[in-house]
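In: only the shape, not the letters, is given here:
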């Protein structure tokens, strides 16, 4: 469907459709922010502001430098994954451009409510560059979905393979949390009715999955890049734990890190804050390490993650400076 046909459809549906859509989006946006704020409010009410202050105080030089270095690798992997998916959809880009755009999107995700604004910006900007907004939006969606799918598989594998701590509530809870996220990832496309799945949308979904994700030229790289990215984020989480002075073995921390990172992908947050802190407080408390330590670690991790995205702020400033008013820079 081209832009003229899309406009005709909107006109046929009438102004009430556009107003209703805008209101629904606004309500959903505020609901996501309110959800993150509610989680943080409950945590402060239960454990106080001490962990927040401690988390900021404990974020010093070496953890920041390590997070910056590790995130440079994970960003490269994610940008490569995006490039593989986009190439399968026919909207290729240079790796250098992909890395710069991914850094920029991470910075926006880490500083704006919702946690997905940067990805939308990345997709729209790339779509304008290549002249195909639809494929660019699908490329970003498939790139994030494939990465999340690998993260869920890795998390479930670690939860089942590593020994369970004595006080850990077992697979019945932890696996349920991760499993619900995985089911949601798979179920969303299937929520479309059969008629739509049997027509253009269903064919596009199948074609994208076959050509952009499961193609022989793409899936090994997607799997490798996603695995390295997940392990990199987990390594930053372990660094956050070390920064607090807690003496806990990596084998005990890795399941906690992956569960918390999976929960942090829930788009009910304030610039990444909310579900991550709630999941960390619950997980650490469940294994006998205390909710206070969990919240402190989550705060340190949040600061480290934010600092590691600062190259994206530089990219954002440079591209804004180079892009003429009303124009668009193709390789920004």
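Out: Structure's in. What do you need? Model, not experiment: these values are computed from the prediction.

In: number of residues surrounding residue 248?
Out: The number of residues packed around residue 248, counting by other CB atoms under 10 Å, is 18. C-beta: built from backbone N, CA, C; applies to glycine.

In: what of the one 3 residues further on?
Out: Around residue 251 sit 11 other residues, with neighbours defined as other CB under 10 Å.

In: roughly how far does it sit from residue 142?
Out: Using CB to CB, to the nearest Å, we find residue 251 at a distance of 33 Å from residue 142.

In: residue 159 too?
Out: 26 Å.

In: which one's more surrounded, those two?
Out: residue 142 (24 against 20).

In: for the more buried one, list the residues it contacts.
Out: Contact analysis of residue 142 by CB atoms under 8 Å, 6 or more residues apart in numbering lists 85, 89, 208, 209, 212, 213.

In: skipping adjacent residues, who's closest to residue 236 in space?
Out: residue 67 (5.0 Å; CB to CB, 6 or more residues apart in numbering).

In: equivalent analysis for residue 83, please.
Out: Closest to residue 83 by CB to CB, 6+ apart is residue 98, at 4.7 Å.

In: got it, and residue 117?
Out: residue 108 (5.2 Å).

In: run a quick neighbour tally on residue 285.
Out: Around residue 285 there are 17 residues (other CB under 10 Å).

In: which residue packs closest to it, ignoring adjacent ones?
Out: Residue 285 sits nearest to residue 291 (CB to CB, 6+ apart), 4.1 Å away.

In: what of residue 250?
Out: In space, residue 250 is closest to residue 238, 6.1 Å off (CB to CB, 6+ apart).

In: so that neighbour makes contact with residue 251?
Out: No: using CB atoms under 8 Å, residue 238 is not in contact with residue 251, being 10.9 Å away.

In: burial check on the residue nearest to residue 250, number of neighbours?
Out: Neighbours around residue 238, by other CB under 10 Å: 18.

In: which secondary structure element is home to it?
Out: For residue 238, the enclosing helix or strand under DSSP states H and E is helix 219-243.

In: name the residues that touch that helix?
Out: 58-60, 63, 66-67, 70-71, 73-74, 77-78, 80-81, 84-85, 146-147, 149-151, 154, 213, 248, 250, 253-254, 257-258, 260-261, 297-298, 300-301, 304-305, 308.

In: let's see 7 Å
Out: 58-59, 63, 66-67, 70-71, 73-74, 77-78, 80-81, 84, 146-147, 150-151, 154, 213, 248, 250, 253-254, 257-258, 260-261, 297, 300-301, 304-305 (CB atoms under 7 Å, 6 or more residues apart in numbering).

In: with stretch 300-308 instead?
Out: 55-56, 58-59, 63-64, 67-68, 71, 110, 236-237, 239-240, 243-244, 272-273, 276.

In: grab the nearest non-local neighbour of residue 95.
Out: residue 83 (5.9 Å).

In: all helices for the stretch 51-200 of the chain, in order.
Out: 61-88, 95-111, 117-130, 133-161, 171-190, 194-197, 200-208 (DSSP state H, counting those that start in this stretch).

In: for the stretch 201-332 of the chain, same thing?
Out: Using DSSP H, counting those that start in this stretch, helices in the stretch 201-332 of the chain cover 219-243, 250-263, 275-286, 291-308, 310-322.
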